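# fold the following for me, if possible:
(2 chains)
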Amino acid sequence: MKKLLLSSIIVIIGITFLGRLSYLQIFSFSPDQLLEDPAIKAIYDYPERGYIYDRNGKLLVGNDPAYDVMVIPREVKPLDTLEFCKLLGIDKEKFVKELKKARVYSPRLPSVFVPQLSKQDYARLQEKMRHYHGFYIQKRSLRYYDTPSAANVLGYISEVNERDIQKNPYYTQGELTGRTGVEKVYEDTLRGRKGVQYIQKDRFNRDIGKYKDGTLDVEPEQGKEIHITIDKELQEYGERLMHGKWGGIVAIEPSSGEILSMISGPTYDPSLLVGRKRSANYSKLHYDTISKPTFDRSILAEGSPGSPFKILNALVALQENAIQPTTTFQCYNGFYVGRTKRGCHCGGGMRNMHVGIYNSCNAYFAGTFRKIYEQYETTDEAHDVWEKHVKSFGLGNYLGSDLHTGRKGRIPSKEYYDKWYGDNRWSSSYIISNSIGQGEVAVTPIQLANMTAAIANRGHYYTPHLIKKVEGKDITVPDFVKPKHTTIDKRHFEPVIQGMADVYNKGTARWVQIPDISIAGKTGTVENFTKIDGVKTQLTDHSVFIAFAPVENPKIAIAVYIENGYYGARYGGHIASLMIEKYIKGKITRKDLENRMLERTLLHEYSKPYSGEEFKINEHDWSQHAKKPETELELFQR
Amino acid sequence: MSGRSVLRRIDWLTVLFYVLLVAIGWVNIYSSTFTDADASIFSFSSSHGKQLFFIGASAVAILIILALEASFFERFSSIFYIISIVLLLGLFLFGKTIAGATSWYNLGFFNLQPSELAKVCTSLALAKYLSDIQTDIKRGKDQLYAFLIILIPAILIIPQPDPGSALVFFSLMFVLFREGLPLYYLGIGFLAVLVFITTLMFGTVWISIAIALLLVLFFLLKKKRFKMPLLPLISFAIIAILFSLSVNFVFNHVFEQRHRDRFSLWLRLEKDPDKLEQIRKTIGYNTYQSEKAIESGGFFGKGFLEGTRTKGDFVPEQHTDYIFSTVGEEWGFVGTSTVVVLFTLMLLRLVYLAERQKNSFSRMYGYGVISILLIHYFINIGMVIGVLPTIGIPLPFFSYGGSGLLFFTALLFVFLKLDTNRLKEDI
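Next comes the predicted model:
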């Protein structure tokens, strides 16, 4: 017993130690990740973010160097505070406050002392800085916008948050990433790849040399420059036209699907989201819940398409052989659904397709719509066919473009109506509003523009996209360079386009013709409602317009959606024709028309539901639209 | 006896363990004090260079020890003991203070730590006293003398202050147990520690209730044939309860805050996990860092000179008391288990060697050697891997330190020298 006592203690201790060691090193083994190892510091070398150019090579977004005065509190030696403050242009209180703040953060690590010096200040300070120990100037790069426009297209960059870091381990705290728009979608391309150096530290956080002699270090990779399909001038012009109006304008080059401009109103200057005032400005924009400047109406606002949708119904009817271009319907200044009469403004009489389109006859399209459904035994069958045709124009689903966000819109399926009315308890009469684009169908402006492009191309379209070149090379993304075909035969387009051309020549938009340019278009006037104190109230109609030009060899297809702009030709038609002229001719000949659009705002319409008073809608008098003195809100948005 | 026969009879297995431990130890000292600026491993300006020098000095010491007559150590053990006591006393007058402890003599080229010498001398003196034909360890008076031999150097070392080294001397109690000191001393000691710890963890009230319950249970279950006197048992229980009461007093009024914190940490007395983590990172900083370093080594370790935490000096005192954490980080479980196994085998081998001595002095000295090595190894590694509270004593043969290495070597090789004479009844 006595002899064994010590031996057994030795063995027990040995086993205990091995147990504890295996627990530490095998079971709770957590390998030091290079970046989590407290003894390794990673120093990053950030490459410059790629520039963004427009389709013609004009600069949209570049980089601007910014200079921050940094301080390492521990290294600060007594200095001539007065002179130093004068040099930096701050007062002594600020000096004391900032130094204290930095010391609280860390005496050892650098903090920003004065952010974002101007280039002049930097030049002045640069050489004097070395006299002040513990202070130095650090250069960094900020986004610089060479345009006050296209905030919704370009997007902005901001610091990554916890979620970004979890999603993509590339990022670490404090780095920047594209938040919306092109900056987000082409983040990897624009960003490049940061370089990294690993430094061995001791427990006082001092550098003691390169980790593993720098064998793990990575060289930075430059960000790539990109050209986007936007036409800078057209975009800027569109935004000026959009001044004081809410809605969206999207212009597409039909032969390629390239988005020429994408305008959302109201919008904001992209420079607002850069630099020192970024977060204050962002809150101001974000919390404007009435006009919603950060809500990109050109791709997110789903609304009834209105009369432009009649074109699709005409095409579907032709394809299904439900009508011929010569088929006529009687318009009684309206049409009857059962015993209820629905109105029409076309003037009445016998209408064939040609007149039906250019005068936008509701009765004609109601008849056409019924005819489509009469082609089939059951409503279900007919509806499936109708849905298939309509969806082949890119409606009712995501477009699959390179925009950072989007909405599906809505092309209701038979299930949708089954749920509403019950199985087999509905027919074409129940959903007759769809014939004139007022029913359950909903589209976004970009879908409307894409639909217009498909009509302009006589039956096919290219997925709308923003990317044109990466590092000067044209893109080859198959989704963007291969045409997508609609289910309508090419031959059915000509008679419809004839009707659309006469919309300008003698129809609903005859006041907005452009000399020497043949345009095909279609007006839309969309009734809309809101709830004021729980009461459904009608507001002034939305003014919608689609057009493409020239008719024979289309270079531009455009959709304009102006909220509460009244009838289609009024704002939508004007703006569309100005945009087309600007793009094709490069200058505007109809100055009075242009001035009217630049000056008139619809802010009085938008304030109506919030006024708390009775108001009239659809007022004809232009004088109501007089230019209002610019409010603070307006100034801010422009 | 010729030098040849010493070389033939010396226990080469133990020598092998010794060489391996010293070699592994040096490699890790090299790693933990290595900086890229170092030119030569022989440079005397670096810790590993100095340690290399002391390894050489140890080799010389070994040769001298082996060349001496075995009987020399027994004959002069009392003198050695007295010298070491005088040296310990002398520290109060001439001691050099390093890191708050007055434990060294400054000899110019090297600092001598007499407490290390005292370990060897006390082991010799104790063996000498116990092996005396007139000593009977069962006798109270002789027990007292034996205790005094152990206590005197310990008491002189405590005020240096170096409670860790003082604690080491108590391990020599194992020698007494081996030689017949009744085991209930150990039992009482064990019970005292148990009551101490459980009182800290659960409080006096619960411990008193537990003791009372045990007492009742004992009487209910006891068999007729055990005649256990009632009175001593009850008084024993009362003493235990009184002891438990005193624990709180000692803990709160005698201990210093840092001691209390170490216990709070070790026994997880602090229940708030945030506060516990706070203590771990402040009071338990060393242990926390060394545990983290060992953990980060994993099974195979990060490799020689690749320990990032070692390089960054994250574990304080890493080349001395915390040298084992370097092993953990750079060599992983493979390295740490090798070291533990080496120590275990060496100690078991020494037990075997001690038991085969015909001469009782050699055996008792052997037990002294084992006890001292064992307690160092147990407390040091236990502290570094976080199973024991922080008590700063070095890992034998391993930690950086000239006196330590020299006297551990002497401690061991005196015994190996005695072992070469094992066949003789007296030396």
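# tell me how the chain divides into domains.
Going with chain A. By the assignment in automatic domain parsing, chain A contains the domains A:64-145, A:232-637.
# um, chain B though
According to automatic domain parsing, the domains of chain B span B:3-182+B:273-420, B:191-254.
# buried deepest among those, which one?
domain B:3-182+B:273-420 (a mean of 19; mean count of other CB atoms under 10 Å in any protein chain shown). For glycine as for every other residue, the C-beta is placed from the backbone atoms N, C-alpha and C.
# which parts of the stretch 151-300 of chain A are helices?
A:151-154, A:162-167, A:181-185, A:187-191, A:232-241, A:278-286, A:297-300 (DSSP state H, counting those that start in this stretch).
# sorry, back to before: which one of the domains of chain B lies nearest to chain A?
The closest of the domains of chain B to chain A is domain B:3-182+B:273-420. By CB to the nearest CB, the value is 3.5 Å.
# could I get the average pLDDT for that closest one?
Taken as a whole, domain B:3-182+B:273-420 carries a mean pLDDT of 88.
# with stretch A:91-104 instead?
Here the average pLDDT along stretch A:91-104 is 86.
# still on that earlier bit, lowest-confidence stretch among the domains of chain A?
domain A:64-145 (a mean of 82).
# can you give me the offset of that domain from its chain's centre?
38 Å (CA atoms, centre = their mean, to the nearest Å).
# that one and chain B, are they touching?
No - Domain A:64-145 does not reach chain B (CB under 8 Å from any CB of the partner chain); its nearest approach is 14.8 Å.
# rewinding a little: for the helices of the stretch 151-300 of chain A, which one ends up most surrounded?
The most buried one of these (mean count of other CB under 10 Å) is helix A:151-154, showing a mean of 28.
# and that helix, what other elements does it pack with?
Counting contacts by 3 or more CB pairs under 8 Å, 6 or more residues apart in numbering or on different chains; DSSP states H and E, helix A:151-154 is packed against helix A:181-185, strand A:258-265.
# contacts for it, please.
A:52, A:60-61, A:145, A:180-183, A:228, A:230, A:235, A:262-264, A:267-270, A:272-273, A:296, A:298-299, A:466 (CB atoms under 8 Å, 6 or more residues apart in numbering or on different chains).
# next one: stretch B:270-277
By CB under 8 Å, 6+ apart, stretch B:270-277 touches B:264-265, B:268, B:279.
# how about 10 Å then?
Residues from elsewhere that reach stretch B:270-277, judged by CB atoms under 10 Å, 6 or more residues apart in numbering or on different chains: B:261, B:264-265, B:268-269, B:278-280, B:284, B:288.
# would you map the strands across the stretch 201-350 of chain A?
Under the criterion DSSP state E, counting those that start in this stretch, the stretch 201-350 of chain A carries strands at the ranges A:207-210, A:226-228, A:247-253, A:258-265, A:329-331, A:334-337, A:340-343, A:349-351.
# how many neighbouring residues does the residue nearest to residue A:239 when sequence neighbours are not counted have?
Leaving out its chain neighbours, the residue that sits closest to residue A:239 by CB to CB, 6 or more residues apart in numbering or on different chains is residue A:149, at 4.6 Å. If you count neighbours by other CB atoms under 10 Å in any protein chain shown, residue A:149 ends up with 26.
# and if you look at residue A:501?
Other residues close to residue A:501 by other CB under 10 Å number 23.
# from the domains of chain A, which stretch is densest packed?
Of the domains of chain A, domain A:232-637 is the most buried (mean count of other CB under 10 Å), at a mean of 20.
# residue nearest the centroid of chain B?
With distances taken as CA atoms, centre = their mean, residue B:376 lies nearest the centre of chain B, 2.4 Å away.
# and that one, which of the three is it?
Per DSSP: H, G, I helix; E, B strand; the rest coil, the secondary structure class of residue B:376 is helix.
# what sits against it?
Residues in contact with residue B:376 (CB under 10 Å, 6+ apart) are B:119, B:164-165, B:168, B:171, B:343, B:393-399, B:404, B:408.
# what's the closest of the strands of the stretch 201-350 of chain A to residue A:157?
Closest to residue A:157 of the strands of the stretch 201-350 of chain A, according to CB to CB: strand A:226-228, at 14.3 Å.
# the closest one pairs with which strands?
strand A:52-53 (parallel), strand A:467-470 (antiparallel) (DSSP bridges).
# so which residues of the stretch 251-400 of chain B form strands?
Going by DSSP E, counting those that start in this stretch, the stretch 251-400 of chain B shows no strands.
# residue boundaries of the helices in it?
With DSSP H, counting those that start in this stretch as the criterion, the stretch 251-400 of chain B has helices at B:257-266, B:273-281, B:285-297, B:308-311, B:323-355, B:360-384.
# residues from the stretch 151-300 of chain B in reach of chain A?
B:174-175, B:177-181, B:183, B:186, B:285, B:289, B:291-300 (CB under 10 Å from any CB of the partner chain).
# not counting sequence-adjacent ones, nearest residue to residue 350?
As the question left the chain open, I've gone with chain A. residue A:328 is the one closest to residue A:350 (CB to CB, 6+ apart), at 4.8 Å.
# wait, I meant chain B there
residue B:370 (4.9 Å).
# rewinding a little: contacting residues for the residue nearest to residue A:350?
Residue A:328 makes contact with A:349-353, A:355-356, A:364, A:367 under the criterion CB under 10 Å, 6+ apart.
# swap in residue A:190?
A:48-52, A:61, A:157, A:178, A:182-184, A:223-226, A:470.
# tell me the secondary structure at the nearest residue to it once chain neighbours are set aside.
Counting by CB to CB, 6+ apart, residue A:190 lies nearest to residue A:50, which is 4.1 Å off, once chain neighbours are set aside. Assigned by three-state DSSP, the conformation of residue A:50 is coil.
# good, wrapping up.
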